[in-house]
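Participant: Need coordinates for the below:
(2 chains)
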There are 2 protein chains.
Amino acid sequence: MVPHLTTALNGPLLSLEKRMLEAMPNIEHWFRTQWLEYASPFYASVDLRNSGFKLAPVDTNLFPAGFNNLNPDFLSLTVQAAMVAVEKICPEAHRLLIIPENHTRNTFYLRNVVELSKMLKAAGLDVRIGSISPEITEPTTLEAEGGHPLLLEPVIREGNRIKLKNAELGDFDSCAVLLNNDLSSGIPDILKNLEQDLIPPLHAGWSTRKKSEHFSAYNKIAAEFSTLLDIDEWLLNPYFETCEGIDFQSRTGEDCLAVKVETLLNKIKAKYEQYNVTQEPFVIVKANAGTYGMGIMSVKSPDGVRDLNRKARKKMAVGKEGLKVSEVIIQEGVYTFESIDDAVAEPVVYMMDHFVIGGFYRVHTNRGIDENLNAPGSHFVPLAFETPCGLPDCTDEPDTVPNRFYAYGVVARLALLAAAIELQENDPLNS
Amino acid sequence: MVPHLTTALNGPLLSLEKRMLEAMPNIEHWFRTQWLEYASPFYASVDLRNSGFKLAPVDTNLFPAGFNNLNPDFLSLTVQAAMVAVEKICPEAHRLLIIPENHTRNTFYLRNVVELSKMLKAAGLDVRIGSISPEITEPTTLEAEGGHPLLLEPVIREGNRIKLKNAELGDFDSCAVLLNNDLSSGIPDILKNLEQDLIPPLHAGWSTRKKSEHFSAYNKIAAEFSTLLDIDEWLLNPYFETCEGIDFQSRTGEDCLAVKVETLLNKIKAKYEQYNVTQEPFVIVKANAGTYGMGIMSVKSPDGVRDLNRKARKKMAVGKEGLKVSEVIIQEGVYTFESIDDAVAEPVVYMMDHFVIGGFYRVHTNRGIDENLNAPGSHFVPLAFETPCGLPDCTDEPDTVPNRFYAYGVVARLALLAAAIELQENDPLNS
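Facilitator: Model prediction:
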């Protein structure tokens, strides 16, 4: 049984939360006008870090894979949001084909697909799961975590359409295709030049997306939002830099990396002094293309990237699906001050269309407060949020459960807006 | 304490429900395409009657006044739907002025205003309550049911805008005005020719609306939906007729009424025979303009409208706010077969934008299964639905709680669509 935690925070009160509560109608009005301008991604999850003095997004996933970790009590909220998403993106669609990741051995991931498919069925779509894994050559029922059966059917390409062929269930030709596969290893040929609507579009895949582009868009959003709230933008925006032309194996680009790490650490140090933060600044170095938590380093001094041993270099050199890392993002590290029974906890907020539908804590007992929690071997325990994020209690103290979650929802939506801008700017049709 | 009932049905299984469950993706697809064509009212409530063999709407209210009766567990669902409604109708609005009914002594109604205002605040609006009652001449705090304070401020007209003037709280000029006042006694001058957006529009008020226009639009919707489901339209559509030029006091129009009552009773009888229904057919005679349950008769033979005594004629002659009734609608009566501890129960479904957000049972211990439950002296007990209406369990038997409520939600949405068509057709801008 998964306990439903309220909030894991035990650090100091975030004055930022108070500011958000006071400004709530202005914040919501601002979001409404933003969404008139930008199209929300179909769905997304945002990893947040809450250091007590700072609340910031550290990763925005456009192929969220933890629907199984959400609180089932809020299923109707998700279904309603999914209805909005479907109405916007494919109102004429009867059918939806979901394409999941290829790793069919992760039963928790399979359970995520079960839950996602349940939500979209409840939103009124005829849903089937089409695999592009070479291992799935015929309709195959796998067992997802909890004993739930999941039928995967091989995707067939005919002309510029992908379909399912199934003598028993009937063929399946949908005008909309939902990707729950982040395309880390590149865009497979079978998905190229389709006449069907791909949701999200192919350029949302990690083979195209760069974290630095996301955070550049976030810079714009965070600046505007901070002006609205009259706060220091740094309180919700981590500094970052990038380095290109890196080759960890041959030690190329090490100097660029060390210089930028030093610059960032100095900037963070100045801010820490301004806010009387006594922790030691640190940065996270990771591949600029999505990595699923592979190839990530936590560094507290420029020397930390100079004297990498053979093992560490090898680890950094390769991202998800064996892709070589040649470009990195160096991002200000944000301490996690939320914990549950001495275990570090990182909130993950889930959104469907532009609505926050819930979230969970990623809890890991064996990691420090300055480490990445979404890393290989990170067998985290998911703890679903007990209340939704849309119902602050303005008569209450800021540091109560619904108010804490409201702040999480706001920052997650800022990251979602950044993703919307990023997708719009990178849309091949706009270039 | 209000118990949260699951469903009150103990009558025979509705084969209609089974049909709806099977056709669920088609139904939702059909609704999506309908909402591409028609603009949903901002909010609405629909009174349903479930006779076991038939499930039909009997009244559609565009100024719903029972938000206090909804299950608080689904507040976040309502807030999310309210966000959608606001985004569609007044995305640029910061502020919202709510104009409630004038009857300030009904503490349950006041509690409805408290809850509605809470929902819209949570959706991100700056909300204040402006009264157009002659009794409210200065800011007045009333006590709503449960001890909740409700501040009513007198509405001031300046040119073509209505505003609040308040030295303490500051003045309030909103670009959107939400009516929770059904305008039964006509459109007050203070609301005429405003440059602000009135939601719903003035022509949604009961001084303009006619039940027969609503049910004509419902005929169109029910016919199309029944074709989609391949069912007899009668299973979800009550027959109706109208009579104009009635004067109950002077007994004018009695013949027209008797003839149409007889015609309807014969049509119902034929259907009852077709479906082996053994009950006695009855019709409901009520004012064609909204009446709040006044001036309503349940009739089982044409003689029932011929030999009205003085008291009954007087009762029928006057609708809400003393308005004279000269036009009536004669509607097929639908038996209520839902009951709770021997008390008759009528479901009421609430919608915000085109989303079902919940509902409750109107339960009355002293009334029969063929009587109107929303009548004067009908001190009903509200019993909130225990589950939302959007989550049918298709693996389950039709007659389970979520599935029963799904069917309720579908029929309520059909009535909502009819209201959307009715409002579009009666829009003065379209004529």
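Participant: Can you tell me the closest non-neighbouring residue to the residue of the stretch 201-350 of chain A found nearest chain B?
Facilitator: Residue nearest to chain B within the stretch 201-350 of chain A (CB to the nearest CB): residue A:228, separated by 12.4 Å. All C-beta atoms are positioned from the backbone trio N, CA, C, and that covers glycine. What sits nearest to residue A:228 in space, not counting adjacent residues and going by CB to CB, 6 or more residues apart in numbering or on different chains, is residue A:30, at 5.6 Å.
Participant: go on, residue A:421?
Facilitator: Counting by CB to CB, 6+ apart, residue A:421 lies nearest to residue A:217, which is 4.1 Å off, once chain neighbours are set aside.
Participant: Would you mind listing where the stretch 1-150 of chain A has pLDDT under the threshold?
Facilitator: Along the stretch 1-150 of chain A, segments meeting pLDDT under 70 span A:1-14.
Participant: Quick check: residues of it near chain B?
Facilitator: Residues of the stretch 1-150 of chain A lying near chain B by CB under 8 Å from any CB of the partner chain: A:24-29, A:31-33, A:35-36, A:74-77, A:79-81, A:83-84, A:86-87, A:91-94, A:121-126.
Participant: make it 7 Å
Facilitator: Residues of the stretch 1-150 of chain A lying close to chain B (CB under 7 Å from any CB of the partner chain) are A:24-25, A:28-29, A:32-33, A:36, A:75-77, A:79-81, A:84, A:87, A:91-92, A:94, A:122, A:124-126.
Participant: Please spell out which residues along the one helix or strand residue A:149 maps to are buried.
Facilitator: Using DSSP states H and E, the secondary-structure element containing residue A:149 is strand A:148-158. Counting neighbours by 16 or more other CB atoms under 10 Å in any protein chain shown, one finds that the buried residues in strand A:148-158 are A:148, A:150, A:152-156.
Participant: What separation do you get for residue A:311 and residue A:317?
Facilitator: Distance from residue A:311 to residue A:317, counting by CB to CB, to the nearest Å: 11 Å.
Participant: Then residue A:17?
Facilitator: In this view, residue A:17 and residue A:317 are 40 Å apart by CB to CB.
Participant: which one of the two has more residues nearby?
Facilitator: For residue A:17 and residue A:317, the more surrounded residue by other CB atoms under 10 Å in any protein chain shown is residue A:17, and the numbers stand at 23 against 18.
Participant: which SS class is the more buried one?
Facilitator: The three-state assignment at residue A:17 reads helix, by DSSP: H, G, I helix; E, B strand; the rest coil.
Participant: isn't it right next to residue A:403, touching?
Facilitator: Yes. With contact defined as CB atoms under 7 Å, residue A:17 reaches residue A:403; the gap is 6.0 Å.
Participant: thinking again about what came up before, just list the residues touching the residue nearest to residue A:421, thanks.
Facilitator: If a contact means CB atoms under 7 Å, 6 or more residues apart in numbering or on different chains, then residue A:217 has A:418, A:421-422 as its contacts.
Participant: swap in residue A:305?
Facilitator: Per CB under 7 Å, 6+ apart, neighbours of residue A:305: A:254, A:257-258, A:261, A:285, A:299.
Participant: The residue in the stretch 51-200 of chain A positioned nearest to chain B - how many residues pack around it?
Facilitator: As assessed by CB to the nearest CB, chain B sits closest to residue A:124 within the stretch 51-200 of chain A, at 2.2 Å. For residue A:124, the tally of surrounding residues (other CB under 10 Å) stands at 25.
Participant: Please, which helix or strand holds residue A:99?
Facilitator: Element membership for residue A:99 (DSSP H and E) is strand A:95-100.
Participant: Tell me the pLDDT of the residue lying farthest from the centre of chain A.
Facilitator: No residue in chain A sits farther from the centre than residue A:167, which is 37.6 Å out by CA atoms, centre = their mean. Looking at residue A:167, its pLDDT stands at 93.
Participant: which outside residues touch stretch A:36-44?
Facilitator: Counting by CB under 7 Å, 6+ apart, A:60-62, A:64, A:85, A:89, A:199-200, A:351-354, A:416-417, A:419-421, A:423-424, B:91 sit against stretch A:36-44.
Participant: Let's see which of these end up in helices.
Facilitator: A:85, A:89, A:416-417, A:419-421, A:423-424 (DSSP state H).
Participant: Tell me the one of those residues nearest residue B:279?
Facilitator: Nearest to residue B:279 out of the ones in helices among the contacts of stretch A:36-44 is residue A:85 (CB to CB; 44.9 Å).
Participant: hang on, the earlier thing: cross-reference the contacts of residue A:305 with the strands and report the matches.
Facilitator: The strands, defined by DSSP state E, take in A:285, A:299 from the contacts of residue A:305.
Participant: Just send the contacts of residue A:305 back as a markdown table, with distance to chain B, pLDDT and neighbour count too.
Facilitator: Formatted as a markdown table, the contacts of residue A:305 follow (distance: CB to the nearest CB, whole Å; pLDDT from 0 to 100; neighbours: other CB atoms under 10 Å in any protein chain shown):
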| residue | distance to chain B | pLDDT | neighbour count |
| --- | --- | --- | --- |
| A:254 | 49 | 84 | 19 |
| A:257 | 43 | 90 | 24 |
| A:258 | 46 | 92 | 18 |
| A:261 | 41 | 95 | 25 |
| A:285 | 38 | 91 | 23 |
| A:299 | 40 | 90 | 22 |
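Participant: Closest one of the contacts of residue A:305 to residue B:382?
Facilitator: Nearest to residue B:382 out of the contacts of residue A:305 is residue A:285 (CB to CB; 59.1 Å).
Participant: what number of residues lie near the nearest residue to residue A:197 once chain neighbours are set aside?
Facilitator: Computed as CB to CB, 6+ apart, the closest residue to residue A:197 that is not its neighbour in sequence is residue A:176, at 4.8 Å. The number of residues packed near residue A:176 is 21, by other CB under 10 Å.
Participant: Would you agree residue A:176 is in contact with residue A:96?
Facilitator: Yes. Contact criterion CB under 7 Å: residue A:176 and residue A:96 qualify, at 5.3 Å.
Participant: Good, wrapping up.
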